[in-house]
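> following is a predicted model, sequence given first.
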Amino acid sequence: MSKKNDILIFKNEPKSKRITPFFLDSVSAGFPSPATDYMEAKLDLNEYLVRRPTATYIVKAKGPSMTDAGISSGDLLIVDRSITPRNNNIVIASIFGDLTVKKLKKKDHSLFLISANSEYPSIQIKEEMECFIWGVVTYVIHKATT
Amino acid sequence: MLYTKLLHKDHNSINKSIALIDCNNFYASCERIFNPKLIGHPIVVLSNNDGCIIARSKEAKKLGIKMGEPYFKAKNIIEKNNVRVFSSNYSLYGDISQRVMEILSSFASDIEIYSIDEAFLNLNGFENYELNTYCHKIRKIIKKWVGIPVSIGVAPTKTLSKIANLLAKKKLNYNGVCILKNLIEIKNALKLIPIEDVWGIGRKLSLFLKKYNINSAYHFSQMDRGWIRKNMGVVGEKTYLELNGISCLDLDLLPSDKKSCCVSRSFSKPIEKLLDLEESISTYGSRVSEKIREEGLAAESLSVFVLTNHFKRREKQYSNSIKMHLPFPTNNSINIIKSALEGIRKIYRPGYRYKKTGVILYGLSKHNTTKGLLDCDREVSDSIMNAVDKINNKYGSSTLKVASEGLEKVWKMKRANVSPCYTTRFDDLIEVKL
């Protein structure tokens, strides 16, 4: 009992609607489909991209590409706020109240926000910037053809 | 003296731990998630039609802006202090609320969702110090994951947990969590709470109690039980017992089945023509049918109402409503609109400037698809509604609608300062700078 404060109870998160067909072939006469016994649930991108729906937001990237991080203008970013940011994570940071995409870098005892685009300077996080990490980017959705 | 007697009689309830979790300035906090610039800046949120102030950030409260105050009355203070004004964005608030409630339900087996921004949790079985750690953990996770600050009050009864929550908000050194578990703590807390702030005691009752010099929750809890019952009835007595640590109100775990459902709005400007009223009634009829279809319900009857603006004393006033029986239980927009239009034509009187209309559905029950001998067109219309809902889900609401809803909608709601639906529409996603 004494350890109770360390226990987190999690219910199953409701998943998006998926239909699992029971029978591929109808009951009527004819040769039964050989695939019937092998039917599985369809692939669900929500399940793949969103680990914690309650903590996940989707945002849209805008501006000159972060080529080093593989993000272009118009890409959708999956942002999980439950993750604690670590060195080299792509994060959404709030600087002076503006949300921006940056790479978080720890050097010695200071934290930097790197633009992942060599043309832009890195920013050292300072107290007066009212900076906080809004969330960690877990996936980038990029349209392959326009 | 009665207080301690009662508390000792019922050991069960003093061991109970009911938590009330309340989101701080919920609507304002929702707007801040996607706009961190607004942190620390005064914000107000307006009601439908941008009429009244229905939510204020802490900073706006400090400026003296009142809850429920008409927007135009506060406009002076708002402009002078550069207060940010938002029209209400229920798509956003609803989504954020759902996230908060889902996280909360992972922290306890029993949860009662009390309103869009409040929930009761059953936290029985925790030792006091554990309870404190646990509550701080809940607070931290909701702040981090969703971005909403919450306050938590824990006590043996629901009414006391409301009071604990008030104190969690008021007293900064509590860090958003207040646990009232022993008699002395409860007694001291009740002394701090003015009678009008007690849950279940409205403005009228508190005025009545003040006449008897009952000014604090503590004072009320020390009254004679018989006097309370005689003057305030069973409901007042329950509040009294709850304040004395005896739990009378259980968590309402399953939202009770809806018996009625209403959609009504005020117009952006007064409406005089029957045609415009018909359009609004059709639109609300359509929306309310959609709502009950989502829950698999059907209605037996409906009522339609109209009213003029009674704040405008110089104008002629009229209000009326009419109840209509539906030929059979239905959730079909076309049937419901047809009947609602019949109703509005009966109660419409020319020469008035109407402010508001609405449609209320009654006698809701699970929609049963078996049809009687005489309603042969039911099957057809059910499948029409099915198709309409599917199309509207896919291409956006009101893609397909009943023609009587009209196209122009001169009466449509005013939402001049609405924020984007950041979490529910791809077109409204927040843009972050690369």
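Nice, thanks for sending it over. Numbers count the residues shown, from 1 in each chain, chains lettered A, B, ... in the order given.

> distance of the closest residue to chain B within chain A from B:Ser280?
Using CB to the nearest CB, the closest approach of chain A to chain B is made by A:Gly97 at 3.1 Å. C-beta here means a position set from N, CA and C on the backbone, and glycine is covered the same way. In this view, A:Gly97 and B:Ser280 are 40 Å apart by CB to CB, to the nearest Å.

> what is the neighbour count of residue 49?
This is for chain A. Counted with other CB atoms under 10 Å in any protein chain shown, residues neighbouring A:Leu49 total 15.

> look at chain B instead
21.

> what does B:Met67 give?
11.

> repeat for B:Val85
19.

> and the helices in the stretch 201-350 of chain B?
All helices of the stretch 201-350 of chain B, identified by DSSP state H, counting those that start in this stretch, fall at B:203-211, B:217-221, B:225-243, B:274-294, B:333-347.

> I'd say the residue of chain A closest to chain B and B:Gly40 touch.
No. Judged on CB atoms under 8 Å, A:Gly97 makes no contact with B:Gly40 at a distance of 9.3 Å.

> quick one: residues contacting the closest residue to the residue of chain A closest to chain B other than its chain neighbours.
Nearest residue to A:Gly97, sequence neighbours excluded (CB to CB, 6 or more residues apart in numbering or on different chains): B:Lys37, at 3.1 Å. Residues near B:Lys37 by CB atoms under 8 Å, 6 or more residues apart in numbering or on different chains: A:96-98.

> mind putting these into TSV with neighbour count, secondary structure and pLDDT?
Conversion of the contacts of B:Lys37 to TSV gives the following (neighbours: other CB atoms under 10 Å in any protein chain shown; DSSP: H, G, I helix; E, B strand; the rest coil; pLDDT from 0 to 100):
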residue	neighbour count	secondary structure	pLDDT
A:Phe96	11	coil	89
A:Gly97	16	coil	90
A:Asp98	12	strand	90
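
> before we move on, back to that, for chain A, which of the helices of the stretch 201-350 of chain B is the nearest?
Using CB to the nearest CB, the nearest of the helices of the stretch 201-350 of chain B to chain A is helix B:274-294, at 14.2 Å.

> ok, back up a step: so what's the residue of chain A closest to chain B up against?
A:130, B:35-39.

> most widely separated two among the residues you listed?
Within those, two members stand farthest from each other by CB to CB: A:Glu130 and B:Asn35, at 13.4 Å.

> hmm, back to that, tell me the secondary structure for the residue nearest to A:Gly97?
Judged by DSSP: H, G, I helix; E, B strand; the rest coil, the three-state class of B:Lys37 is helix.

> and the residue of chain B that's closest to chain A?
Taking CB to the nearest CB, chain B has B:Lys37 as its residue nearest chain A, at 3.1 Å.

> which helix or strand in chain B has the lowest average pLDDT?
helix B:2-9 (a mean of 46; mean pLDDT, DSSP states H and E).

> ok, the residue nearest to B:Ser289 when sequence neighbours are not counted - how many residues close by?
Sequence neighbours aside, B:Ser333 is the residue nearest to B:Ser289 in space, at 4.2 Å (criterion: CB to CB, 6+ apart). Residues lying near B:Ser333 (other CB under 10 Å) number 24.

> tell me where the stretch 251-400 of chain B has strands.
B:261-271, B:297-308, B:319-330, B:354-362, B:365-366 (DSSP state E, counting those that start in this stretch).

> backbone dihedrals for the residue nearest the centre of chain B, both of them.
Centroid-nearest residue in chain B, with CA atoms, centre = their mean: B:Ser115, separated by 5.1 Å. With angles defined as degrees, to the nearest 10, B:Ser115 sits at phi -160, psi -170.

> buried set for stretch B:68-79?
Within stretch B:68-79, the residues that qualify as buried by neighbour count (16 or more other CB atoms under 10 Å in any protein chain shown) are B:69, B:71, B:74, B:77-78.

> farthest-apart pair in those residues, please.
The widest separation within the buried residues of stretch B:68-79 (CB to CB) is 11.1 Å, between B:Tyr71 and B:Ile77.

> not counting sequence-adjacent ones, nearest residue to B:Pro149?
B:Asn24 (4.6 Å).

> ok, that neighbour - how many residues close by?
17.

> quick check on it: phi, psi?
phi -70, psi 130.

> B:Pro42 contacts B:Glu79, correct?
No. With contact defined as CB under 8 Å, B:Pro42 does not count as touching B:Glu79 (11.7 Å).

> okay, the helices of the stretch 201-350 of chain B in a markdown table with distance to B:Ser365 and mean pLDDT next?
As requested, those are exported to a markdown table (distance: least, CB to CB, whole Å; pLDDT from 0 to 100):
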| stretch | distance to B:Ser365 | mean pLDDT |
| --- | --- | --- |
| helix B:203-211 | 35 | 90 |
| helix B:217-221 | 41 | 94 |
| helix B:225-243 | 29 | 92 |
| helix B:274-294 | 10 | 91 |
| helix B:333-347 | 15 | 93 |
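
> so which of the ones you listed comes closest to B:Leu123?
Of all the helices of the stretch 201-350 of chain B, the one in closest proximity to B:Leu123, counting by CB to CB, is helix B:225-243 (17.1 Å).

> how about the closest one: buried residues?
Within helix B:225-243, the residues that count as buried by 16+ other CB under 10 Å are B:228, B:232, B:236-243.

> redo these as CSV? Include distance to A:Leu113.
Below are those laid out as CSV (distance: CB to CB, whole Å):
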residue, distance to A:Leu113
B:Ile228, 61
B:Met232, 60
B:Gly236, 58
B:Glu237, 60
B:Lys238, 56
B:Thr239, 53
B:Tyr240, 57
B:Leu241, 57
B:Glu242, 51
B:Leu243, 52
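
> between those, which is nearest A:Leu43?
Taking CB to CB as the measure, B:Glu242 is the one of the buried residues of helix B:225-243 closest to A:Leu43, at 51.5 Å.

> setting the sequence-adjacent residues aside, check what's closest to the closest one.
In this structure, B:Glu242 finds its nearest non-sequential neighbour in B:Thr159, 3.6 Å apart by CB to CB, 6+ apart.

> so who does that neighbour touch?
B:198-200, B:239, B:242-243, B:249.

> can you give me the pLDDT of the residue nearest to B:Ile292 when sequence neighbours are not counted?
Excluding its sequence neighbours, the residue lying closest to B:Ile292 (CB to CB, 6+ apart) is B:Asn331, at 4.9 Å. Model confidence at B:Asn331, given as pLDDT, is 91.

> same deal with B:Lys170?
Note on B:Lys170: pLDDT of 90.

> that one: how many residues sit nearby?
Neighbour number of B:Lys170 under other CB under 10 Å is 12.

> any weak-confidence spans in the chain?
You didn't pick a chain, so chain A it is. Under the criterion pLDDT under 70, the flagged ranges of chain A are A:1-37, A:39, A:65, A:116, A:146.

> should've been chain B
B:1-14, B:254-258, B:368-380, B:408, B:410, B:413.

> that older thread, need the buried ones from the contacts of A:Gly97 selected in ChimeraX.
Per 16+ other CB under 10 Å, the buried members of the contacts of A:Gly97 correspond to this ChimeraX selection:
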select /B:35,36,38,39
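
> now render the contacts of A:Gly97 as CSV, adding distance to A:Leu76.
Below are these laid out as CSV (distance: CB to CB, whole Å):
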residue, distance to A:Leu76
A:Glu130, 27
B:Asn35, 19
B:Pro36, 20
B:Lys37, 23
B:Leu38, 24
B:Ile39, 25
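
> just the helices in chain A please.
A:45-49 (DSSP state H).

> what about the strands in it?
In chain A, the segments counted as strands under DSSP state E are A:56-62, A:76-80, A:90-95, A:98-107, A:110-114, A:123-124, A:132-141.

> and the ones you listed: which comes nearest B:Tyr422?
strand A:56-62 (7.4 Å).

> parallel or antiparallel, list what pairs with the closest one.
Paired neighbours of strand A:56-62 in the sheet (DSSP bridges): strand A:76-80 (antiparallel), strand B:431-433 (parallel).

> give me the contacts around the last one.
When you say that, I think you mean strand B:431-433. A:59-63, A:77, A:92, A:98-101.

> and with 7 Å instead?
If you take CB atoms under 7 Å, 6 or more residues apart in numbering or on different chains as the criterion, strand B:431-433 is touched by A:59-63, A:92, A:98-101.

> nice, that's everything, thank you.
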